[in-house]
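Asker: Have a look; sequence and predicted model below, questions after that.
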Amino acid sequence: MTSDATKVNLLARIEELNQIPTIPAVLAHCLRYLEQPMEQLDVQKVTDMIAQDKSLAAQCLQMANSPLFGRWQKVDTLRGAVVGLGFQRVSDIAMSCGVLNMTPKDGSGLDPVVFWEHSLGCALVCRHFARKISYPDPGKAYLAGLLHDLGIIVNLWMLPKEFRAAFELGREKGIPLHEAEQSVLGFTHCESGRLLANRWELSADLREVVALHHSPQESRENAGLVALVELSDLLCRMSGLNYGYTENREVNLLEQGGFAVLSQQCRDLENFDWARLTFELDSYMDEVHALVRAIYRN
Amino acid sequence: MTAAPTQSVIALDGPPDPELVRIRDLVYQVAGIFHPDSKLRLLHDRCGRRMKELKSKNLHEYFECLTVRPARQTELVALLNEITIGETCFFRNQPQLDALRQIVIPKIIEAKAKLPLRRLRIWSAGCSTGEEPYTLSMLLLEESQRKLKDWTIEILATDLNERSLAHAKNAVYGSYSTRNLTAYYRQKYFAPAADQLQVQQFVRNSIAFSRLNLSDDSRMIFMKSLDVIFCCNVLIYFDLASKRRVIQHFYNNLLPHGHLFLGHSESLYGVCDDFRLVHLPGATAYLKGERSQVGKQGV
């Protein structure tokens, strides 16, 4: 177990945060623009904004051609993607590319692809789950799923050696990554993620998702959203959308803190078909693996 | 700018055909077996074979064959036969077997730690031609050198079909059944038999094959003190009332820590509230829960 002094020392290093890339300016500008009422948005303006960043534009186009985002006919241009998919989907895609680009490509010795896969997979599962239980804001659920593990990106950048030790412990023992982090670092990606989420000035509910997705019962701002992410994250980790290793344990979703929280808000959860949701993940799994690997290769 | 080609692995050329989705949902509702989008092409092919036989022009017409025509029950069974055809082989569901070995067996050992009798009882209910119980026997033989040292292993393997049981007892298998066998298992547990493979006698020793109809209440009550039940792609053929009765028996037959494994993408949703759905790495199982506490468990 890490001593308190080491923990304080590690957290102090994280607080510097100056090595972590910020969201690309183009993307930040674009996302702010997309927050306006739909009727005020202009397709060409969105297209032009994304096109400024060639790499982002190419990735967005690649994602826009995936059935994961509801596209079944090939789209060749960014404008075609915006028109065909709509502003919400394009916003989701742009944000996904932006976040996925933030993982370090080397140095830590860990495969960033699996973090991409887990984050994108969790975003899709959150959105799908939200729709199935009539959760009021599936778009927010997508974003929450995408961003929930921001703290892992922080740890990858700021504490590559220590984080790698935690990751190896998790993989070797088949225990959840946050438990391994707690054991090695003295804190988890929830705490390091909270620092970055505050610095980015994310909305209060997204900050809670980042900081409390392993303890949703502590949430005060939007407990339902945090709980939804906890359950979706767990489903992903128990399936092929994990962090690259399987947790060697048996999980009953109904015993999770998030279930109690979410069932107070969503009546549809009482008779929910968890088995079907699990089987439906199979489709995401294959598609997420193919898409992320295709993007990463380019 | 042009899009870089990304090969979609969802094997469809467009959004899922609504008629195919209706058939998928019907099969799930009636039989409890689910085809995710990535497997819809497979379901389409299976329906295609039946449509050719029936000379149905399209999926809409075939859906009617499954729902409103007089022979709909027969047709549903014919489609389920197509869906499960070729499913039987050694090591059919590796994540499920890994979960048994790495998670469920240690839990059983822990639960029975204080008992004087070290006995593990597993039932392969609907064992067909025997690949499943032999797979279990091989895995448990491996564990008998490790976690299950000094344990008595009993595998009960039952099926309704006499011919399948005769095949199982003969224990000779061709290349299709043995396609998932690694060289290690092939060499250690099999002997050549002409151009096929025969399971060695020491693998067969722990298995008791017998004919059993899962609807036979008088026989079902005697399948007692089980740690694990495997019942893969068998309940899909039962109507809801029969399925509930069989599951009730399974519940009573299992010890308090007992696990029930079903086939890949097979669910008990709407059938029984007593079992709890649990997630294992890459697999699901149903755990015998305490009735009074469970309530609606979404199974």
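Answerer: Great, that's in hand. From a predicted model like this one, the values you see are computed outputs, not experimental measurements. Numbers count the residues shown, from 1 in each chain, chains lettered A, B, ... in the order given.
Asker: B:Tyr251: neighbour count?
Answerer: Residues contacting B:Tyr251 under the criterion other Cβ atoms under 10 Å in any protein chain shown number 18. From N, CA and C alone the C-beta is placed, and that goes for glycine too.
Asker: so it makes contact with B:Leu287?
Answerer: No - with contacts counted by Cβ atoms under 8 Å, B:Tyr251 stays clear of B:Leu287, the gap being 10.7 Å.
Asker: Surely B:Asp227 is in a strand?
Answerer: Yes - according to DSSP: H, G, I helix; E, B strand; the rest coil, B:Asp227 belongs to a strand.
Asker: Next, give phi and psi for the residue most central in space within chain A.
Answerer: Nearest to the mean C-alpha position of chain A, by Cα atoms, centre = their mean, lies A:Leu146 at 2.2 Å. The phi/psi pair for A:Leu146 (degrees, to the nearest 10) reads phi -70, psi -40.
Asker: got a list of what it touches?
Answerer: Listed by Cβ atoms under 8 Å, 6 or more residues apart in numbering or on different chains, the contact partners of A:Leu146 are A:Asp92, A:Met95, A:Ser96, A:Val99, A:Ser119, A:Leu120, A:Cys122, A:Ala123.
Asker: what pLDDT does the closest residue to it other than its chain neighbours get?
Answerer: Using Cβ to Cβ, 6 or more residues apart in numbering or on different chains and skipping the chain neighbours, the partner closest in space to A:Leu146 is A:Ala123 (3.9 Å). On the pLDDT scale, A:Ala123 is placed at 92.
Asker: Repeat that for A:Trp274.
Answerer: Per-residue pLDDT puts A:Trp274 at 96.
Asker: State the number of residues packed around it.
Answerer: Applying other Cβ under 10 Å, we find 22 residues neighbouring A:Trp274.
Asker: Return the distance of it relative to A:Ala166.
Answerer: Look at A:Trp274 and A:Ala166: by Cβ to Cβ, to the nearest Å, they are 30 Å apart.
Asker: By mean pLDDT, which helix or strand of chain A comes out lowest?
Answerer: Lowest mean confidence among the helices and strands of chain A (mean pLDDT, DSSP states H and E): helix A:4-16, at a mean of 74.
Asker: For the stretch 151-299 of chain B, give me the ranges with low pLDDT.
Answerer: Residue ranges of the stretch 151-299 of chain B with pLDDT under 70: B:291-299.
Asker: can you map out the helices along it?
Answerer: B:162-170, B:183-189, B:201-204, B:217-220, B:240-253, B:291-294 (DSSP state H, counting those that start in this stretch).
Asker: I'd guessed B:Cys272 sits against B:Arg244; true?
Answerer: Yes - counting by Cβ under 8 Å, B:Cys272 touches B:Arg244, with 6.5 Å between them.
Asker: So those two - more neighbours on which side?
Answerer: B:Cys272 (19 against 15).
Asker: which non-adjacent residue is nearest that one?
Answerer: B:Ile247 (4.6 Å).
Asker: Helix or strand: which one has residue 142?
Answerer: Because you didn't say which chain, this covers chain A. Per DSSP states H and E: A:Tyr142 is located in helix A:138-147.
Asker: To clarify, I was referring to chain B.
Answerer: Per DSSP H and E: helix B:131-143 holds B:Glu142.
Asker: Over to A:Ile23?
Answerer: Using DSSP H and E, A:Ile23 maps to neither a helix nor a strand.
Asker: Would you mind naming what in the stretch 1-150 of chain A lies close to chain B?
Answerer: Residues of the stretch 1-150 of chain A found near chain B (Cβ under 8 Å from any Cβ of the partner chain) are A:51, A:57-58, A:61-62, A:64-67, A:72-78.
Asker: how far away is the spatially most central residue of chain B from B:Lys52?
Answerer: Nearest to the mean C-alpha position of chain B, by Cα atoms, centre = their mean, lies B:Cys232 at 1.6 Å. According to Cβ to Cβ, B:Cys232 and B:Lys52 sit 28 Å apart.
Asker: what does A:Gln265 give?
Answerer: For A:Gln265, the distance to B:Lys52 equals 49 Å [Cβ to Cβ].
Asker: who has more neighbours, the two?
Answerer: Comparing A:Gln265 with B:Lys52 by other Cβ under 10 Å, the one with more neighbours is A:Gln265, at 16 against 9.
Asker: so who does the more buried one touch?
Answerer: Counting by Cβ under 8 Å, 6+ apart, A:Gln265 makes contact with A:Ala223, A:Gly224.
Asker: so where's chain A shaky on pLDDT?
Answerer: Low-confidence segments of chain A, defined by pLDDT under 70: A:1-3, A:17-19, A:21, A:70-72, A:106-110, A:297-298.
Asker: can you rerun that using 80?
Answerer: For chain A, residues meeting the criterion pLDDT under 80 lie at A:1-32, A:34-35, A:38, A:55-56, A:67, A:69-74, A:99-101, A:103-112, A:200, A:293-298.
Asker: So which residues of it form strands?
Answerer: Assigned by DSSP state E, chain A shows no strands.
Asker: picking up where we left off before, of the contacts of A:Leu146, which is the nearest to A:Leu27?
Answerer: For the contacts of A:Leu146, the closest approach to A:Leu27 (Cβ to Cβ) belongs to A:Met95, at 7.2 Å.
Asker: Just give the closest residue to B:Gln94, not the sequence neighbours.
Answerer: In space, and not counting its chain neighbours, B:Gln94 is closest to B:Asn180: 7.7 Å by Cβ to Cβ, 6+ apart.
Asker: and that neighbour, what is it in contact with?
Answerer: Contacts for B:Asn180 (Cβ under 8 Å, 6+ apart) come out as B:Cys89, B:Phe90, B:Phe91, B:Arg92, B:Gln94.
Asker: want to try TSV for those, with neighbour count and pLDDT as columns?
Answerer: Below are these laid out as TSV (neighbours: other Cβ atoms under 10 Å in any protein chain shown; pLDDT from 0 to 100):
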residue	neighbour count	pLDDT
B:Cys89	18	93
B:Phe90	23	97
B:Phe91	18	96
B:Arg92	18	93
B:Gln94	11	96
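Asker: nearest to B:Ser137, of those?
Answerer: So of those, ranked by how close each gets to B:Ser137 (Cβ to Cβ), first place is B:Phe90, at 10.8 Å.
Asker: does that closest one count as helix, strand or coil?
Answerer: Assigned by three-state DSSP, the conformation of B:Phe90 is coil.
Asker: burial count for A:Ser203?
Answerer: Neighbour number of A:Ser203 under other Cβ under 10 Å is 14.
Asker: How about B:Thr67?
Answerer: When neighbours are counted by other Cβ under 10 Å, B:Thr67 registers 14.
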